[in-house]
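Student: No sequence on hand, only this structure:
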């Protein structure tokens, strides 16, 4: 890429990443921009179409004229948004550490004053009373209250599948009020699958699946992979020819087959009507329809879509029971985002959002006093992950998204989020208990020692026991399991108001 110059023509083969922003001057192909824009379906690119550096060419070779390089590319602008968002991220100080520092200074002052007082009252007791005060007081318990709980909770979170990469993440997650999700690759698998098969002319579903798989045997296009999954691959097609953006044709057992858009499959300028598509279009809502024809006669319809993760409905329901408002903000098309939101019970959703739109949406929530947790996976999610108070990246996502996030989900199980929120809240309870014990112990022990009621050996036992109690209390988090109590309570239905799409 260092050798490229604006105006150069670059050959990008199938499977290669476009090195810079530019314009197609030759070729027809399908390009995946999911990691940059959130659009789940590949985008057809032909002559004079604009392409974005960092996107993936999937179907056929393209010759691209380079228009923008380096800092001028779309990817570079996303990285600049990321840097700006990271610089604006609030820094949460460690209150316990500051309190411990003040406590030590105050303790030394009290010790000097008490020593001087006993030196005047009874010099023979002054030394051991001063020693008792210094020993019995426990700044260690105060200093251990927070890190012991955070360390134990972090280890437990890692075993659950949620890696914490920044110190403030647990504390902020416990106080989160809103959880904003990306769609593609986060709530959905990020890949197409066959949702419905409609055989025609007496054909069976298994037969038409096998025919489609044979035609797509040599392609790595997302639609081809979806049609091959769970299909009989014993058939073989010959004379296979691919027409980018339209479909594929070939011969199987002496018959000619076409698979692709309805217009292409039927060799007709008037596209046939897909099942249940009353408008005559060949898609319905968020589904993309692919037609299979034998000798120009349609024999099957395939409906494809990016499917939600199996555990997504239960995971989102658990988060809502914990009192979190769930949002869906995606760069995908409105029909796909609406369908996913309805399927998963998300009332607040926004489609067609660019990286800067996602960041602006989160900032608007923060301006309302909300504490926002963001979950995403793509390069386009990196700025908003950095801008949210706490952010979680999918372990299967882009490296730049993981670098911007405060936590990384090591697996793809969305139920980990609910467990993480419950553990974060329990950790805050443990920290408050530890701080309360450390403060209460010292408020009782220091006056008792100053009045001469605590000998040095008793003070040593008390100090050790206090620190041990704090550590043991923190260790309760090591085997934490989410229960009905920690899962929270259902939100009142009236507290969730549907919101129209758009920003």
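Tutor: Perfect, I can see it now. Owing to the predicted nature of the structure, the values given are computational and were not obtained by experimental measurement.

Student: Just say helix, strand or coil for residue 291.
Tutor: With DSSP: H, G, I helix; E, B strand; the rest coil as the basis, the three-state label of residue 291 is strand.

Student: That one reaches residue 303, doesn't it?
Tutor: No. Residue 291 is beyond contact range of residue 303, at 10.7 Å (criterion: Cβ atoms under 8 Å). To be clear about C-beta, it is placed using only N, CA and C from the backbone, and glycine gets the same treatment.

Student: For the two, indicate the residue with more neighbours.
Tutor: In this view residue 291 and residue 303 are compared by other Cβ atoms under 10 Å, and residue 291 has more residues nearby, 25 against 21.

Student: separation between the nearest residue to residue 246 once chain neighbours are set aside and residue 241?
Tutor: Once flanking residues are discounted, residue 246 sits nearest to residue 264: 4.1 Å by Cβ to Cβ, 6 or more residues apart in numbering. Plainly put, residue 264 is 12 Å away from residue 241 if you go by Cβ to Cβ, to the nearest Å.

Student: out of those two, which sits in the busier spot?
Tutor: More neighbours surround residue 264 than the other of residue 264 and residue 241, with 20 against 9 (other Cβ under 10 Å).

Student: how far is the helix or strand containing that one from where the chain is centred?
Tutor: Here residue 264 sits within helix 262-265, counting by DSSP states H and E. Here helix 262-265 is found 38 Å from its chain centre; the criterion is Cα atoms, centre = their mean, to the nearest Å.

Student: repeat for stretch 256-271
Tutor: For stretch 256-271, the distance to the chain centre is 39 Å (Cα atoms, centre = their mean).

Student: Ok, stretch 460-480 next?
Tutor: With Cα atoms, centre = their mean, you get 35 Å for stretch 460-480.

Student: Could you do stretch 129-149 as well?
Tutor: With Cα atoms, centre = their mean, you get 40 Å for stretch 129-149.

Student: Quick check: mean pLDDT of it?
Tutor: For stretch 129-149, mean pLDDT is 72.

Student: please renumber so the chain begins at 16
Tutor: Got it, first residue is 16 now, which makes that one stretch 144-164.

Student: what's the span of it, first residue to last?
Tutor: 33 Å (Cα to Cα, to the nearest Å).

Student: And stretch 175-191, by the same measure?
Tutor: Stretch 175-191: ends 20 Å apart by Cα to Cα.

Student: what residues does it touch?
Tutor: For stretch 175-191, the surrounding residues in contact (Cβ atoms under 8 Å, 6 or more residues apart in numbering) are 106-107, 109, 165, 168-169, 172-173, 339, 386-388, 404-405, 407, 420-426, 428, 431-432, 434-436, 438-440, 442-443.

Student: Output the contacting helices and strands for the helix or strand hosting residue 434.
Tutor: Here residue 434 sits within helix 430-465, counting by DSSP H and E. The contact analysis (3 or more Cβ pairs under 8 Å, 6 or more residues apart in numbering; DSSP states H and E) places helix 430-465 against helix 110-136, helix 138-151, helix 154-175, strand 177-179, helix 184-190, helix 327-336, strand 422-424, helix 471-490.

Student: And for stretch 29-44, what's in contact with it?
Tutor: 16, 19, 24-25, 27, 46, 59-84, 87-89, 235, 258-260.

Student: Mind doing that once more with 7 Å?
Tutor: 16, 19, 24-25, 27, 60-84, 88-89, 235, 259-260 (Cβ atoms under 7 Å, 6 or more residues apart in numbering).

Student: Now that stretch: buried residues?
Tutor: 29, 33, 34, 35, 36, 37, 39, 42, 43, 44 (16 or more other Cβ atoms under 10 Å).

Student: can you check stretch 119-128 too?
Tutor: Applying a neighbour-count criterion of 16+ other Cβ under 10 Å, one finds 122, 125, 126 buried in stretch 119-128.

Student: what's the offset of it from the middle of its chain?
Tutor: The answer for stretch 119-128 is 49 Å, by Cα atoms, centre = their mean.

Student: can you check stretch 166-185 too?
Tutor: 15 Å.

Student: helices or strands up against the helix or strand containing residue 407?
Tutor: Taking DSSP H and E as the definition, residue 407 sits inside strand 405-409. Packing partners of strand 405-409 (3 or more Cβ pairs under 7 Å, 6 or more residues apart in numbering; DSSP states H and E): helix 184-190, strand 387-391, helix 414-419, strand 422-424.

Student: that older thread, could you tell me which of the contacts of stretch 175-191 count as buried?
Tutor: Buried among the contacts of stretch 175-191 (16+ other Cβ under 10 Å): 165, 168-169, 172, 339, 386-388, 404-405, 407, 420-425, 428, 431-432, 434-436, 438-440, 442-443.

Student: who are the neighbours in contact with residue 60?
Tutor: 39, 44, 46, 66, 77.

Student: Please repeat the previous calculation with a cut-off of 10 Å.
Tutor: 27, 33, 38-39, 42-46, 48, 66, 70, 72-75, 77, 79, 259-260 (Cβ atoms under 10 Å, 6 or more residues apart in numbering).

Student: Strands - which of the residues you listed land there?
Tutor: 27, 38, 39, 44, 45, 46, 66, 72, 77, 79 (DSSP state E).

Student: Show me what the first one is bridged to.
Tutor: Yep, that's residue 27 we're talking about. residue 77 (DSSP bridges).

Student: which stretches of the stretch 266-415 of the chain form helices?
Tutor: Using DSSP state H, counting those that start in this stretch, the helices found in the stretch 266-415 of the chain span residues 277-280, 327-336, 349-359, 370-382, 397-402, 414-419.

Student: before we move on, back to that, going by mean pLDDT, which of the helices and strands packed on strand 405-409 comes out lowest?
Tutor: Sorting the helices and strands packed on strand 405-409 by mean pLDDT places helix 414-419 lowest, at a mean of 71.

Student: so which of the helices and strands packed on strand 405-409 is the most packed in?
Tutor: strand 387-391 (a mean of 28; mean count of other Cβ atoms under 10 Å).

Student: Look at the closest residue to residue 361 other than its chain neighbours and report its pLDDT.
Tutor: Spatially, and ignoring its direct neighbours in sequence, residue 361 is nearest to residue 343 (4.7 Å; Cβ to Cβ, 6+ apart). Each residue has a pLDDT score; the one for residue 343 is 94.
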